[in-house]
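Trainee: based on what follows, work out the 3D shape:
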Amino acid sequence: MKFIIGIGGVTNGGKTTLTNRLLKTLPNCCVVHQDDFFRKPDQIEVGKDGFRQWDVISAMDMEAMVNTVKGWQENPIKFARSHGVSLSPEAEECDSEEGIHILVVEGFLIYNYKPLIDIYDKCFYISIPYEECKRRRSTRTYTLPDPPGLFDGHVWPMYLKHRKEMENNCAKIEYLDGMTSKENIYNKVYESVQNSLLNNL
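Mentor: Below you'll find the model as predicted:
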């Protein structure tokens, strides 16, 4: 059985932390990070707000991302091996798609691209309030540092715009409060996924 989990959410909400924990505890689990598909800085347009438009869907090569997900769907064992993921002994032995194979798709705009919306078996979205998001963002070190005013002038307005768009596109999202403990968030997601897997067996 193949099972795809979406982990979406606001910037610095805890998506990667949750994803990394799931990778360690779910069987035959691979991940596709949306951040891996950002275009080069010289390909990112400057918007009317005066900032490079990093927080929009066109900043990423979404076609390549979809093709990567399709690669997993076509052969999760081959995908896992090529990405250095340890498979269960059963999956290694039978070399077939018997058993459970899980893909986590993680990113801040994973529910804003129509070709991806229908692939998820389970959708989660982590949100945190403005002040906390701004605080966390200010403590992160990016390869390209945020220019002054980027958060209020571009990042947060784009988040609000895309969140509204996402809510209109995808009705099956389970919302998670990013202000609760990492343990609590993980437990909620793990339990929800386990229940879905049991129901699908």
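Trainee: for the longest helix belonging to the chain, packing partners?
Mentor: When the chain is parsed with DSSP state H, its longest helix is helix 182-200. Here helix 182-200 touches strand 2-9, helix 15-25, strand 122-127, strand 173-177, going by 3 or more C-beta pairs under 8 Å, 6 or more residues apart in numbering; DSSP states H and E. The way it works is simple: take the backbone N, C-alpha and C, and place the C-beta from them, glycine included.
Trainee: export those to a markdown table and append columns for mean neighbour count.
Mentor: Putting those into a markdown table (neighbours: other C-beta atoms under 10 Å) gives the following:
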| stretch | mean neighbour count |
| --- | --- |
| strand 2-9 | 23 |
| helix 15-25 | 17 |
| strand 122-127 | 22 |
| strand 173-177 | 16 |
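Trainee: nearest approach to Ser88 belongs to which of the ones you listed?
Mentor: helix 15-25 (12.7 Å; C-beta to C-beta).
Trainee: report the angle between that closest one and strand 2-9.
Mentor: 150 degrees (axes from the mean of the first three to the mean of the last three C-alpha atoms, to 10 degrees).
Trainee: which helices and strands sit right next to helix 15-25?
Mentor: strand 2-9, strand 29-33, strand 101-107, strand 122-127, helix 182-200.
Trainee: now render the ones you listed as CSV, adding distance to Pro76.
Mentor: Shown next, in CSV, are the helices and strands packed on helix 15-25 (distance: least, C-beta to C-beta, whole Å):
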stretch, distance to Pro76
strand 2-9, 6
strand 29-33, 7
strand 101-107, 4
strand 122-127, 16
helix 182-200, 15
